[in-house]
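Participant: Can you look at this prediction? I've put the sequence above it.
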Amino acid sequence: FVVGFTDRTPRFDATHVIATTDKVQGVAARYRLATGELVWLRDYGAAAYGEELVAVAARGARLVAGGTYDGAPVLGGATLPAGGLGDAMVVELDPATGDVMWARGIAGPLYQQIRQIELTPAGDIAAIGRFAGELPFGPGDAARSIKAVELEDAFIVDLEAGGRVRRVRSFGTRFPEKPR
C-alpha cells in the first residue's frame, strides 16, 4: 500500500491516471507485492478542499491512513469538521477496494497534522502528529483538549476502531517539537 498527495495529473500506468483539480488531493494505491501490478488506485480530493495522506499502516485485514485536510470534506459518509489553517485526519480504508470505511477529523483553531500512524496488536490506532494552540477533542471522547506549551507541540492519540478517542497526550517544551 502506498499513500501520498498530488496537485498534478500523475499517470500510474497506461490506464490509471488521476485528474487533479487546483487543490492538493490525497492518493492511495495498492500494488501486488510479487509482481508490482497496480490493484487499485483512489484519490480522496475534492474541488473545494485539499487533502494529504502522509502515513499508512496495515495489519491483518485492516488499513489505516493519516494526514491533513482543509475545509470540511466528506469522506466515508462523514463530513469532517472545519477548523483552522489545516486539520488532521485518520481514515480506515477497505484493503480490497480502497473505499473509505470511516474517517475522523481532528480540528482545532490553528493547525494540526498527523505525521505517523500504526495499528496496535489490540486493534487500536496510534497516531502521532503536531499541533499549535489548543486541540479540542469533542463529545463522545470525554470532552478533553490539549494545549501547546509554546508555538507547537507533538501529540499522540490512541483511537479505537471507528475513530473514537481512547487517550490523547501532548509533549512540549519551550521550543517547537516536530515528530519525525
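Facilitator: Cool, got the structure. Numbering: from 1, shown residues only.

Participant: Is the most centrally placed residue in the chain bridged to anything, and to what?
Facilitator: Nearest residue to the geometric centre of the chain (CA atoms, centre = their mean): Gly66, 2.2 Å. For Gly66, the beta-bridge partners under DSSP bridges are Ala55, Val90.

Participant: any idea how far it lies from Ala96?
Facilitator: Between Gly66 and Ala96 the computed distance is 20 Å (CB to CB, to the nearest Å). Placement of C-beta: from N, CA and C, glycine included.

Participant: gap between stretch 113-127 and the chain center?
Facilitator: Averaged C-alpha coordinates place stretch 113-127 at 11 Å from its chain's average position (CA atoms, centre = their mean, to the nearest Å).

Participant: Then stretch 110-128?
Facilitator: Using CA atoms, centre = their mean, the distance between the centre of stretch 110-128 and that of its chain works out at 8 Å.

Participant: Run through who's touching that stretch.
Facilitator: Applying CB atoms under 8 Å, 6 or more residues apart in numbering, the external contacts of stretch 110-128 come out as 54-59, 62, 64-68, 83-90, 92, 106, 129-133, 135, 154-161, 166, 178-180.

Participant: So for that stretch, first residue to last residue, what's the gap.
Facilitator: 17 Å (CA to CA, to the nearest Å).

Participant: And stretch 119-129, by the same measure?
Facilitator: Using CA to CA, the distance between the terminal residues of stretch 119-129 is 15 Å.

Participant: can you tell me the average pLDDT over that stretch?
Facilitator: Within the predicted structure, the mean pLDDT of stretch 119-129 is 91.

Participant: Could you do stretch 132-152 as well?
Facilitator: If you average the pLDDT over stretch 132-152, you get 74.

Participant: same check, this time on stretch 80-92
Facilitator: Across stretch 80-92, pLDDT averages out at 86.

Participant: So for Gly76, what's the pLDDT?
Facilitator: Confidence per residue is given as pLDDT, and for Gly76 that number is 79.

Participant: for it, what are its contacts?
Facilitator: Taking CB under 8 Å, 6+ apart as the contact definition, Gly76 lies against Val91, Glu92, Asp99, Val100, Met101, Trp102, Ala103.

Participant: again, 7 Å this time
Facilitator: Neighbouring residues of Gly76 by CB atoms under 7 Å, 6 or more residues apart in numbering: Val91, Val100, Met101, Trp102, Ala103.

Participant: just checking, Gly26 touches Leu41?
Facilitator: No. At 11.8 Å, Gly26 and Leu41 do not qualify as touching, with contact defined as CB atoms under 7 Å.
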